[in-house]
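> The following block contains a protein sequence and its predicted model.
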Amino acid sequence: MKVCFETFGCRLNRAEALNLEALFLANGWSETKKHSDADLIIIRGCSVTARAQHDTEKYIAQLRAKYPTKRIFTTGCITNKTPEAMIEKAMRSARVNGEFITDVVPTSTARAFLKIQDGCNGKCSYCIVPKFRGTPISEDFDDILLKAKKFIDCGYTEIVVTGCNLSLYHSKGKRLPDVLASLADLPSPGHRIRLGSLEPSDVADDVIDLIGERENICKFLHIPIQSASNKILAEMRRPYKITDLEKLISRATSRIDNLGLGCDVIAGFPSESEYDFKATFDFVKRHAFTNIHAFPYSERPGTMAEKILPVIPRAIRSERAKALTKLVRDKRKAFAEKFKTKKVEIVIEDASTLSGWTSQYLWCTQRSKNIIRLNTPNVRLARKARVEVLVKDCKDDILLVDPI
Ligand code: SF4
């Protein structure tokens, strides 16, 4: 029996897809990338924006039209029904005998997504996620460590910690900093930990300190700031003000050397004036951001934000998102330049081109494609997933490297 997975959206969806995939493999299924070969197609959809939802639904409709007799299941944030039970049933139908194993992982990539939390009880006025994901639940602390250990044993080098709202993690008196510290301490030949996204919250300072202190926690922080106008933050019902963001970023940049700093911003939220947008733009300009997801605001039916006026025309929302994206693209290039002539450590995703991500989330690739031969350093490096390389040049925000 063959299963084909298609995943849209964020790391949480990918982490869940990985778990599901593992479950299927453990139950005797094999994976295929071809729809035509699959006995079952599972699509993890995304509904974070109207556009993402539309794209997913369109894709599913096309697939259903092309393969009318195939079993196609939709799951993830795009539905609040309970298809997991159906999926489980389909999976069990292939099982002949033996235990129902849930924690075996495939070994096809350098990075594994470890989901430790789900759900959110936030009241953000634009957000539809709590409706689909429900109230916060946390994975058992000991189970997380066991699962991470299995990832390491299977050959994964980077463990990406994901969740719907990681700052809400709570199990057996342990919070997010405890999880990160314990994951970093796991014995291994050289794994590293990457944090998904961090809400400004009561655990943020401790998380920042840990990132600064622990060699094997990636020097990258992604903060969903959403806006830097107090008026808009209040309309969004985000539980912080600009001064809190300033403090957080100042702590992060002072305690973490060479920090890669990412953010999410919603552009053109209802009632966002030119003045409000300028405040956000100036904030992003003033701080050392190296990544941004700037989304044009997207109406989600049933949210409080739908009632906020005035609505900003779509063209202006897109214009504002584009301006922010361009601003950070330029800052990212300047950030990449800083690594020229320096050694950086990467987790190799493709040994044939010496490609992979640095701790700061910059993509590296080999400077010259012609020096890859059998028994060259590349081939030796391929046996070690976390390696040092020398940055010789940059092309935009990509580091061009040589083996050491
Ligand atoms: S913190 Fe706000 S934006 Fe994030 S999932 Fe919860 S309600 Fe949505």
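Done, it's in. Residues are numbered from 1 along each chain as shown.
> need the contact list for Val344.
For Val344, the residues meeting the contact criterion (C-beta atoms under 8 Å, 6 or more residues apart in numbering) are 358-359, 362, 364, 388-389, 391, 399, 401. The C-beta positions use only the backbone N, C-alpha and C, and glycine is treated the same way.
> Same check on Ala112?
By C-beta under 8 Å, 6+ apart, Ala112 lies in contact with 18, 105, 151, 154, 156, 158-160.
> and if we set it to 10 Å?
Each residue near Ala112 by C-beta atoms under 10 Å, 6 or more residues apart in numbering is listed here: 15, 18, 22, 105-106, 147-148, 150-152, 154-160, 191.
> Any of these buried? List them.
Buried residues within those, counting neighbours by 16 or more other C-beta atoms under 10 Å: 15, 18, 22, 105-106, 147-148, 151-152, 156-160, 191.
> Closest one of these to the ligand?
Proximity of these to the ligand (C-beta to the nearest ligand atom) peaks at Ala15, which lies at 15.2 Å.
> mean confidence for the host helix or strand of the closest one?
Ala15 is part of helix 11-26 when elements are defined by DSSP states H and E. Helix 11-26 comes out with an average pLDDT of 72.
> near the ligand at all, it?
No. Applying C-beta under 6 Å from any ligand atom, one finds helix 11-26 separated from the ligand by no less than 9.8 Å.
> Run me through the strand neighbours of the helix or strand just after that helix, direction for each.
Downstream of helix 11-26, the next assigned helix or strand under DSSP H and E is strand 30-31. Strand pairing for strand 30-31, using DSSP bridges, gives strand 2-7 (parallel).
> is the ligand contacted by stretch 253-267?
No. Stretch 253-267 lies apart from the ligand when judged by C-beta under 6 Å from any ligand atom; the minimum separation is 8.9 Å.
> Between the two ends of that stretch, what distance do you get?
One end of stretch 253-267 to the other measures 25 Å (C-alpha to C-alpha, to the nearest Å).
> Where does pLDDT dip in the stretch 1-150 of the chain?
Scanning the stretch 1-150 of the chain for pLDDT under 70 picks out 23, 26-28, 47-48, 77-109.
> Tell me the residues of it that contact the ligand?
120, 122, 124, 127, 129-130.
> what packs against the strand ranked longest in the chain?
Under DSSP state E, the strand in the chain containing the largest number of residues is strand 386-395. Here strand 386-395 is seen to pack against helix 314-337, strand 343-350, strand 355-358, strand 363-366, helix 377-381, strand 398-403 when contacts are counted using 3 or more C-beta pairs under 10 Å, 6 or more residues apart in numbering; DSSP states H and E.
> for the ones you listed, which one sits closest to the ligand?
helix 314-337 (17.0 Å).
> hang on, the earlier thing: so how far is the helix holding Ala15 off the chain centroid?
14 Å (C-alpha atoms, centre = their mean, to the nearest Å).
> same deal with stretch 182-193?
For stretch 182-193, the distance to the chain centre is 19 Å (C-alpha atoms, centre = their mean).
> sorry, back to before: if you compare the helices and strands packed on strand 386-395, which one is most tucked away?
Across the helices and strands packed on strand 386-395, averaging neighbours per residue (mean count of other C-beta atoms under 10 Å) puts strand 355-358 on top, at a mean of 22.
> which residues sit against that one?
Taking C-beta under 10 Å, 6+ apart as the rule, strand 355-358 contacts 110-111, 157-158, 194, 218-220, 258, 260, 336, 339, 344-350, 363-366, 385-387, 389, 391, 398-399, 401.
> What average pLDDT does it get?
For strand 355-358, the per-residue pLDDT averages 91.
> neighbouring strands for that strand, and are they parallel or not?
Short version: by DSSP bridges, strand 355-358 pairs with strand 343-350 (antiparallel), strand 363-366 (antiparallel).
> which residues in the chain form helices?
With DSSP state H, the ranges of helices along the chain come out as 11-26, 50-66, 83-92, 129-133, 141-153, 176-185, 204-213, 230-236, 242-255, 274-286, 314-337, 377-381.
> Rebuild the contacts of Val344 as JSON lines, extending it with distance to the ligand.
As requested, the contacts of Val344 are exported to JSON lines (distance: C-beta to the nearest ligand atom, whole Å):
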{"residue": "Thr358", "distance to the ligand": "27"}
{"residue": "Ser359", "distance to the ligand": "25"}
{"residue": "Leu362", "distance to the ligand": "26"}
{"residue": "Cys364", "distance to the ligand": "31"}
{"residue": "Glu388", "distance to the ligand": "36"}
{"residue": "Val389", "distance to the ligand": "36"}
{"residue": "Val391", "distance to the ligand": "35"}
{"residue": "Leu399", "distance to the ligand": "32"}
{"residue": "Val401", "distance to the ligand": "36"}
